[in-house]
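K.L.:
Let me see the structure of the following:
(2 chains)
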Amino acid sequence: MMKRLAGLLAVAVSTVLAFPLQAQTPRYGGELVFPVPSEPPSYDGHREETFGLIHPIAPFYNTLLRVDPFDKGGTKPYPSLAESWTVSADGKTYTFKIRSGVKFHDGSEMTSRDVKASYDKIIFPPAGVGSTRKGQYAVVEAVEAPNPTTVVFRLKNASGSFMSSLLSPYNFIYKADILAKDMNWYEKNIMGTGPFTFVEHVKGSHVVGKKNPNYWDKGKPYLDGFRAIFIRSSSAQVAAVRGERAHIQFRGFTPADRDNLKAALGDKIVVQESAWDCILMVGINHEKKPFDDKRVRRALTLALDRYQASESLSKIAIVKSVAGVQVPGTPFATPPEELNKLAGYWTDINKSRAEARRLLKEAGVPDGFSFTFTNRGIPMPYEPLGVWMIDQWRQIGLNVQQQVIEPAAYFGVIRKGDAQVFMDFQCGYIVEPDLDMYKFVSTDRNPANYSRYKDPVLDDLYDKQSRATNAEERKKIIRQFEKRLLDEEAHYLMTLQWHRIIPHSAKVKGWTVTPSHYLNNTLDTVWLSE
Amino acid sequence: MTVYIVKRMLLMIPTLLGVAVLIFLLLRVVPGDVVEARYLGQGSQFTSQDLMDIERKKLGLDQPLWKQFTTWMWGIMRLDFGLSMWTGSPITEEIKLRFELSLQLAIMATVVATLLAIPLGILAAIKQDTWIDYAVRVFSIAGLAMPSFWLGILMILVMLIVFKWLPPMVFTSFWVNPWDNLAQLIWPALAVGYRYSAVATRMMRSAMLEVLREDYIRTARAKGLWLKLILSRHAMKNAMLPVITVVGLEFAFLLGGLVVTEQVFNLNGLGLLFVEAISRRDYTLTQALVLIVAAVFIFVNFATDIAYAWLDPRIRYR
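P.N.:
Numbering: from 1, shown residues only, chains lettered A, B, ... in the order given. Below is the predicted model:
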């Protein structure tokens, strides 16, 4: 009887599983059309930092490793040109087995030599060649290619984040012979091993790619091609999706755009959402009085009612979660019950603001004290967050004027140290403490720390967590780092985590939203249902 | 007339030189440069000063200002605008791509505006204070009050909601596919042309009213000349003078000034390129665009003056 029941159950389960599987069988063909809000300055991923390069150019390339295209957390390493890897016991040697039979679009074979040449360009660029990610690989001592199918990275010390560094979607693998002739060739030319081959780029208009028939991952890609159209205006992007001229926009839309698209197109639109690995934070210039006093800085963070803001601002802006130094829901994120203990994250806002007023009084800051908050001239989400903060600070007796600076000049002004309190931001391609927290180490180590402080204790915590290879141990150190950064010293204030909203045509399948708009743009797994 | 034309052409040289010096200096007064725009605005934590120095050196931004200026001017004299600091591509290539679209749009909008403005302006003048005059005035005031980009947004919404259709998102040359080309450009041409016509209609009406009150028109009427002949041969020619000025200046403006309309219709035109070049601190591209737009304005003014001289011999230089 039990056997029969088990048999019936097995049949039932397999039937239930079989239907969705059949329904999800990828369909071949079609051209994916997507707007891209910004255009790449050059084609060289090693040189550029904008998603405007990733969205239209990533499909032409492969990287050594990639993030699992179906991992919503966007952190799991997944094979790409490396089919497997091992890490030595001391954590200082990473050995990768390179896939055989991979061809560049010109028909030549890709080997470990190409991987080494590409990483040498990123980590050890020759004089006169710029590499924007060189600093990220400071831990690498050497890259070796002992045979055509093996690449070895030798590190100066063990690193908890090295694997994540190799998941960068910008680290395209280029052909060694081309790099040997001209290190800058890839700035103006495209030639990779990716699932799509380059057809054309009309400046200011579009990039077109077509299916690579010799792609090493047999059966992929599913699409015949893609067309990335450069559309700067967000209303024109929304109109393109609404008018079914475009299938998806990979960066993100506002809550209002999502609601309008859903109302207009109903079931023809599918919405994928995720916490976004981008955050606006408030920098406080420690060289300007009275902000050199940590009581004043703590008062600024204590004034903010982040939980109420999360509820109200998430309806009108691309922000949502209350977060510390890691994106909520990711492996090293602070659980809410611990976050609540930090200054500015208490659930009782009246208690918080009373403490803020007490601290200001103690620091000798008079009621109605005026200062200037410098904000970046980008409407979303700088504007609503700026207005919100000014209102919050007013509630503890501060009088704040907002100075808005044009985007191209903004960081030049902040870098010079002229601003008192200002909006700062960071965006990552992967949620990884080393990348997300480097911003906050002392200004003499990282000039991108515009709050201009030196904190050896914080630096030490950063280094310790970076070297920790045990996840639990690392979590504990990150918590200490976070407490010092956001509570005890209040060097920086976090606003709200961005929230990524992707309303796309229901025809688009095989694409999963992640916390980063730099990920999942190789398009090899994407297909169109009709 | 030949001396007049030569004099005007020679005057273009110092004007353009003045524009060149002015834009070169103004751009460098504005805070930030292309390297900051490229690397500091993306939220990366690893941008080193070394990288920024390498990039500045590559672009020649480490050179003293006088050297940057003379290098640029030497290039201009050889009709070489140099490379875009943002993309590294030749500037002529960047501009050529957008120029076709902007020029076609400017021509189409001018045609729309002229076809509307001249007949409506004349009609309103000869039917002064009748319902026709009022209707034309309401029509033209509405055109003035309504920004063309807003009219463009309305057009797109109507096409989308009522007709479930949108114009193509990518520009196709008229010579490659006229249908796709017109399907994309006719809408912005109508939106811009309507606003443009509003100014010209009012100008045409008031100029016509003024001319119709002149003694020579009364004389022509008194001797029994046919009204159509009076209007076409005597009144229109003189009333056209201010209208030509407006049309000429608007045409020059349309070549580089349709920033918002280009955004609304996603047109890859010179206006958008201009704004992007400035916001990215792409000095070389901005300088080239300013020079080109200035040259167009100067040329259009020149052509307008020639037309004036042809229409009204009293204006000719001696």
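K.L.:
CA only for contacts and neighbour counts going forward, please
P.N.:
Will do.
K.L.:
List the buried residues for stretch A:422-440?
P.N.:
Residues A:422-440 are the ones in stretch A:422-440 that count as buried (16 or more other Cα atoms under 10 Å in any protein chain shown).
K.L.:
Out of those, just show me the ones up against chain B, please.
P.N.:
Contacts with chain B within the buried residues of stretch A:422-440, counted by Cα under 8 Å from any Cα of the partner chain: A:425-428, A:435, A:438-439.
K.L.:
nearest to chain B, of these?
P.N.:
Using Cα to the nearest Cα, A:Gln426 comes nearest to chain B of those, at 4.1 Å.
K.L.:
does the closest one count as helix, strand or coil?
P.N.:
Secondary structure, DSSP: H, G, I helix; E, B strand; the rest coil: A:Gln426 is strand.
K.L.:
Strands of the stretch 51-200 of chain A, start to end?
P.N.:
Along the stretch 51-200 of chain A, the stretches classed as strands by DSSP state E, counting those that start in this stretch are A:65-67, A:77-79, A:82-87, A:93-98, A:140-147, A:150-155, A:196-202.
K.L.:
from those, which stretch is densest packed?
P.N.:
strand A:65-67 (a mean of 25; mean count of other Cα atoms under 10 Å in any protein chain shown).
K.L.:
before we move on, back to that, dump the ones next to chain B among the buried residues of stretch A:422-440 to a markdown table, plus pLDDT.
P.N.:
Shown next, in a markdown table, are those (pLDDT from 0 to 100):
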| residue | pLDDT |
| --- | --- |
| A:Phe425 | 90 |
| A:Gln426 | 89 |
| A:Cys427 | 90 |
| A:Gly428 | 89 |
| A:Leu435 | 90 |
| A:Tyr438 | 92 |
| A:Lys439 | 92 |
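K.L.:
Of these, which is the nearest to B:Leu22?
P.N.:
A:Phe425 (34.9 Å; Cα to Cα).
K.L.:
Which residue comes closest to that closest one once chain neighbours are left out?
P.N.:
Spatial nearest neighbour of A:Phe425, chain neighbours left out: A:Leu280 (4.3 Å); criterion: Cα to Cα, 6 or more residues apart in numbering or on different chains.
K.L.:
The helix or strand that contains the one you found pairs with which strands?
P.N.:
Here A:Leu280, judged by DSSP states H and E, is contained in strand A:269-284. Using DSSP bridges, the strands paired with strand A:269-284 are strand A:421-427 (antiparallel), strand A:492-505 (antiparallel).
K.L.:
low-confidence ranges in the chain?
P.N.:
This is for chain A. Chain A contains residues with pLDDT under 70 at A:1-23.
K.L.:
switch to chain B, that's the one I care about
P.N.:
In chain B, residues with pLDDT under 70: B:43-44, B:315-318.
K.L.:
re earlier: so can I have TSV of the strands of the stretch 51-200 of chain A showing distance to A:Ile122?
P.N.:
Shown next, in TSV, are those (distance: least, Cα to Cα, whole Å):
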stretch	distance to A:Ile122
strand A:65-67	15
strand A:77-79	20
strand A:82-87	18
strand A:93-98	17
strand A:140-147	11
strand A:150-155	13
strand A:196-202	23
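K.L.:
Serialize the ones you listed to JSON lines and add fields for distance to chain B.
P.N.:
Formatted as JSON lines, these follow (distance: least, Cα to the nearest Cα, whole Å):
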{"stretch": "strand A:65-67", "distance to chain B": "19"}
{"stretch": "strand A:77-79", "distance to chain B": "21"}
{"stretch": "strand A:82-87", "distance to chain B": "25"}
{"stretch": "strand A:93-98", "distance to chain B": "23"}
{"stretch": "strand A:140-147", "distance to chain B": "15"}
{"stretch": "strand A:150-155", "distance to chain B": "19"}
{"stretch": "strand A:196-202", "distance to chain B": "8"}
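K.L.:
Of all those, which one is nearest A:Val271?
P.N.:
With Cα to Cα as the measure, strand A:65-67 is the member of the strands of the stretch 51-200 of chain A nearest A:Val271 (21.4 Å).
K.L.:
what's that closest one in contact with?
P.N.:
A:74-82, A:166-169, A:519-520 (Cα atoms under 8 Å, 6 or more residues apart in numbering or on different chains).
K.L.:
sorry, back to before: show me the one of the strands paired with strand A:269-284 that comes nearest A:Ile122.
P.N.:
Among those, strand A:421-427 sits nearest to A:Ile122 (Cα to Cα), with 19.9 Å.
K.L.:
any residues touching the next helix or strand after that closest one, and which ones?
P.N.:
Using DSSP H and E, the helix or strand that follows strand A:421-427 in sequence is helix A:433-437. Outside helix A:433-437, the residues that touch it by Cα under 8 Å, 6+ apart are A:136, A:161, A:325-326, A:332, A:426, A:428, A:462, A:466, A:478, B:45.
K.L.:
how far away is A:Gln401 from A:Ser370?
P.N.:
Counting by Cα to Cα, to the nearest Å, the gap from A:Gln401 to A:Ser370 is 7 Å.
K.L.:
typed the wrong thing, it's A:Asn521
P.N.:
Separation of A:Asn521 from A:Ser370 (Cα to Cα): 46 Å.
K.L.:
same thing with A:Gly101?
P.N.:
66 Å.
K.L.:
B:Leu16 too?
P.N.:
Separation of B:Leu16 from A:Ser370 (Cα to Cα) stands at 47 Å.
K.L.:
So the two - more neighbours on which side?
P.N.:
Neighbour count, other Cα atoms under 10 Å in any protein chain shown: between B:Leu16 and A:Ser370, B:Leu16 has more, with 17 against 14.
K.L.:
part of a strand, is the more buried one?
P.N.:
No - looking at B:Leu16 with three-state DSSP, it is helix, so not inside a strand.
K.L.:
hang on, the earlier thing: from the contacts of strand A:65-67, which is closest to chain B?
P.N.:
Chain B lies nearest to A:Ser168 out of these, by Cα to the nearest Cα, at 12.7 Å.
K.L.:
residue contacts, the closest residue to that closest one other than its chain neighbours?
P.N.:
Spatial nearest neighbour of A:Ser168, chain neighbours left out: A:Tyr429 (6.7 Å); criterion: Cα to Cα, 6+ apart. Going by Cα under 8 Å, 6+ apart, A:Tyr429 touches A:168-169, A:277, A:516-519.
K.L.:
quick revisit: tell me the one of the contacts of helix A:433-437 nearest B:Ala294?
P.N.:
Using Cα to Cα, A:Gln426 comes nearest to B:Ala294 of those, at 39.9 Å.
K.L.:
Quick check: bridge partners of the closest one?
P.N.:
Here A:Gln426 sits in beta bridges with A:Ile279, going by DSSP bridges.
K.L.:
Could you check how far it is from A:Asp277?
P.N.:
Look at A:Gln426 and A:Asp277: by Cα to Cα, they are 8 Å apart.
K.L.:
surely the residue nearest to A:Phe425 meets A:Phe422?
P.N.:
No - using Cα atoms under 8 Å, A:Leu280 makes no contact with A:Phe422, being 10.1 Å away.
K.L.:
Out of the contacts of helix A:433-437, which sit inside helices?
P.N.:
Among those, the ones falling in helices (DSSP state H) are A:462, A:466, A:478.
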